[in-house]
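Colleague: need a structure here:
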Amino acid sequence: MDRRQRYIFWIVGSLTLGVAPFTPQPHLFEKLGMLFSGQLGRPIDMFDLCLHGLFPALLAGELIAHLRSAAAR
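Modeller: You can find the predicted model right below:
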């Protein structure tokens, strides 16, 4: 899989799973709000945060790796 295909995969995954469900508020934003306010205590909420944050985190990791390799050239 080339770099362009990986980016498309991570972006599509981030937009679908990362912000699902779309209404009333995406789970990822809800769980991040709970994390920062100190209310993220139940195991299911922690699992939800990991599940919905996986693709955006992997996309960020891919971008950082790409930027580091480009800077090393």
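Colleague: name the single longest helix found in this protein.
Modeller: Taking DSSP state H as the criterion, the chain has its longest helix at helix 43-72.
Colleague: buried residues in that one?
Modeller: 45, 48-49, 52-53, 55-56, 59, 62 (16 or more other CB atoms under 10 Å). Glycine gets a C-beta too; all of them are placed from N, C-alpha and C.
Colleague: what about residue 1, distance to residue 18?
Modeller: Noted for residue 1: a distance of 20 Å to residue 18, by CB to CB, to the nearest Å.
Colleague: more neighbours: which of these two?
Modeller: Using other CB atoms under 10 Å as the criterion, residue 1 and residue 18 rank with residue 18 on top: 22 against 7.
Colleague: which ones are touching the nearest residue to that one once chain neighbours are set aside?
Modeller: Of all residues not flanking residue 18 in the chain, residue 56 sits nearest, at 4.8 Å (CB to CB, 6 or more residues apart in numbering). With contact taken as CB atoms under 8 Å, 6 or more residues apart in numbering, residue 56 is in contact with 14, 18, 28.
Colleague: I'd guessed the last one sits against residue 54; true?
Modeller: No. Because the distance of 9.9 Å does not satisfy CB atoms under 8 Å, residue 28 is recorded as not touching residue 54.
Colleague: measure the residue nearest to residue 18 to residue 11 for me?
Modeller: 10 Å.
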